[in-house]
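[1] okay, predicted coordinates and the sequence, questions at the end:
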Amino acid sequence: MYKYLPYLEKAFLATSALGFILQSMGIEITELLIIGLSGLAVSFFLNAHKPAEEPSSPSDEPKGFGHLLGFVILPKIAWISCAIATVGILFNIMQFGNDQGSTMLYIGGFNLLMISVILIAMNFTQGGLIHQMQPLLLRATPLMIIVGYLLFK
């Protein structure tokens, strides 16, 4: 199942982009935007449940809590935060009349910001962490920019 997640993510990202383009042209097809962003959030959430890929090490010595935090715990929390931020973007764009969208944007964006800072700081103490977390950071950075724009516009 996990091998199809990148394809689903690309399909939902293309659907979301098409929905945004059509909305900017004045064509209101909100169903396309809802399907794209909610599917993207689901793919982010499912990425959190993917088994962690451990970097290969020649020694079988036990690893410490820093290794567990950097390679397992923080990435899972970051993927779930990506899903929360994506649903917050969806709620904010759809303007459902309540303030739940901005609450989800604050939660998802703040978590992504803190986890990114912690992962970058941990990279200086543990080698190779940024290389392992590059797919996650490539998704978290644009989400943080969009969340910041929507919250402080």
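    That came through, no problem. Residues are numbered from 1 along each chain as shown.
[2] am I right that Ile115 is in contact with Leu74?
    Yes - the criterion here is Cβ atoms under 8 Å, and Ile115 meets it with Leu74 at 5.3 Å. C-beta here means a position set from N, CA and C on the backbone, and glycine is covered the same way.
[3] for the protein, give me the ranges with low pLDDT.
    54-62, 128 (pLDDT under 70).
[4] which helix runs longest in it?
    Ranked by residue count, the top helix of the chain under DSSP state H comes out as helix 100-125.
[5] state the next helix or strand along the chain beyond that helix.
    helix 129-132 (DSSP states H and E).
[6] what does that following helix rub up against?
    The contact list for helix 129-132, computed with Cβ atoms under 8 Å, 6 or more residues apart in numbering, reads 53, 55, 70-71, 119-120, 122-123, 137.
[7] run the last query once more with 7 Å
    Residues outside helix 129-132 that contact it (Cβ atoms under 7 Å, 6 or more residues apart in numbering): 55, 70-71, 119, 122-123.
[8] element containing the closest residue to Pro75 other than its chain neighbours, please.
    Closest residue to Pro75 apart from its sequence neighbours, by Cβ to Cβ, 6 or more residues apart in numbering: Leu136 at 5.6 Å. Element membership for Leu136, per DSSP H and E: helix 134-152.
[9] now that helix: buried residues?
    136-137, 139-140, 143-144, 146-147, 150 (16 or more other Cβ atoms under 10 Å).
[10] name the helices or strands packed onto it?
    helix 74-94, helix 100-125 (3 or more Cβ pairs under 7 Å, 6 or more residues apart in numbering; DSSP states H and E).
[11] can I get it as CSV, trimmed to CA atoms?
    Coordinates of each C-alpha in helix 134-152 appear next as CSV, following Å, rounded to 0.1, in the frame of the first residue of the first chain:
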residue,chain,number,x,y,z
GLN,A,134,14.4,15.7,2.9
PRO,A,135,11.1,14.5,1.5
LEU,A,136,9.3,15.6,4.7
LEU,A,137,11.0,19.0,4.8
LEU,A,138,10.2,19.5,1.1
ARG,A,139,6.5,19.1,1.9
ALA,A,140,6.6,21.0,5.2
THR,A,141,8.3,24.1,3.9
PRO,A,142,5.7,25.1,1.3
LEU,A,143,2.9,24.3,3.8
MET,A,144,4.5,26.6,6.4
ILE,A,145,4.7,29.4,3.8
ILE,A,146,1.1,28.9,2.8
VAL,A,147,0.0,28.7,6.5
GLY,A,148,1.9,31.9,7.3
TYR,A,149,0.4,33.7,4.4
LEU,A,150,-3.2,32.7,5.3
LEU,A,151,-2.8,33.5,9.0
PHE,A,152,-1.1,36.9,8.6
